[in-house]
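Peer 1: model the following, please.
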Amino acid sequence: MVFYDRFNLFPSNISIEGPNEDLPNDVKLDYEEARTIVNLSPRGAAALLRLGIQKLCAHLGQPGKNINSDIKALVAKGLPPKVQEALDSVRVIGNDSVHPGTIDLNDNRDIANQLFRLVNFIAQKMITEPKEIEDIYNSLPAEKLKGISERDGSK
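Peer 2: Now for the predicted structure:
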């Protein structure tokens, strides 16, 4: 990947895995921008990933205004505990990177790197896996789907 600034052309040395393909485009853009700056600014990357999580919460049907409230609402709807832990990890670490807090990301690329994995984990569990299951289920024969619907009383 090559990036341009006003005067220079330079290659980027990005070792972070790319974003989950099923992430919404606006979250992918934040993720990619975070990848480009993580070596120079782990705090900036963490803040961008937190913003991406806020947008992802909106994609998952929440207002996207307050991540903590969005996570609480998702938990009430049956959010898997490990996904909740991942969301809260990104929320707390990303928030502390832009506000005074207890986590100092000034020189801690390892924590920032973990946030990328968490964002992809959340996307895998909340978007990719349900989509894959839906695709498989919808490929069942129509008469079998009808039988399942009748069995469950949801004609």
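Peer 1: can you pull out the helices in this protein?
Peer 2: In the chain, the segments counted as helices under DSSP state H are 25-37, 42-59, 67-76, 81-98, 109-123, 129-138, 142-152.
Peer 1: where's the last one relative to the chain centroid, distance-wise?
Peer 2: Between the mean C-alpha point of helix 142-152 and the mean C-alpha point of its chain there is a distance of 34 Å (Cα atoms, centre = their mean, to the nearest Å).
Peer 1: angle of that helix against helix 129-138?
Peer 2: Put simply, helix 142-152 runs at 110 degrees to helix 129-138, going by axes from the mean of the first three to the mean of the last three Cα atoms, to 10 degrees.
Peer 1: cool, the first one as well?
Peer 2: Using the same axes, to 10 degrees, the direction of helix 25-37 lies 140 degrees away from that of helix 129-138.
Peer 1: please identify the buried residues of helix 25-37?
Peer 2: For helix 25-37, a neighbour-count test (16 or more other Cβ atoms under 10 Å) marks 27-28, 30-37 as buried. Backbone N, C-alpha and C define where each C-beta goes, glycine included.
Peer 1: can you tell me which of the residues you listed is nearest E17?
Peer 2: R35 (8.8 Å; Cβ to Cβ).
Peer 1: ok, now which ones touch that closest one?
Peer 2: 14, 16, 18, 45, 116 (Cβ atoms under 8 Å, 6 or more residues apart in numbering).
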